[in-house]
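Asker: fold the following.
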Amino acid sequence: MPQPFEVWLVKMKLGRSRDPRPAIVIRKSGTSTFVVLPLSSALNLRSYRDFTIRPDDLDFKNTGLDRESFAIENKEVELDLSEFVAKLGQLNGFTLTEFRDWYGL
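Answerer: This next block holds a predicted model:
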């Protein structure tokens, strides 16, 4: 079961891509639904307001990501549990603290 601040591979459309993509779980929103914030590494989708997760961050390995990625501001998506493919990792340490501050949690 997805938990807040875990990084999951999810089925969702972003831009023109329908490939499964990583997302950060924000909260549970229903019996089997969760609010997530999609992650991307595509520079053409990046905004200066997005939250960047860098490979040189001390806690990067724990995220399960394989390259610099960013959480897209104001792109919350509600997904059913059936759209969750696999847990990649989680935010923790300084990365989690910075994310919570950025997101206002």
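Asker: list the buried residues for the top helix by length along the chain?
Answerer: The single longest helix within the chain, with elements called by DSSP state H, is helix 93-103. Buried residues in helix 93-103, defined by neighbour count with 16 or more other CB atoms under 10 Å: 95-96, 98-99. In short, each C-beta sits where N, CA and C put it, glycine included.
Asker: now the two most distant members of the residues you listed.
Answerer: Across the buried residues of helix 93-103, the longest distance by CB to CB is 7.4 Å; it joins Leu96 and Glu98.
Asker: name the SS class of the most far-flung residue of the chain relative to its centre, please.
Answerer: Among the C-alpha atoms of the chain, the one most distant from their mean position (CA atoms, centre = their mean) is that of Thr31, at 20.6 Å. Here Thr31 is recorded as coil under DSSP: H, G, I helix; E, B strand; the rest coil.
Asker: can you give me the distance of it to Ser82?
Answerer: Distance of Thr31 to Ser82, given as CB to CB, to the nearest Å: 12 Å.
Asker: residues contacting Glu68?
Answerer: Remark: with contacts taken as CB atoms under 8 Å, 6 or more residues apart in numbering, Glu68 is in contact with 41, 52-55.
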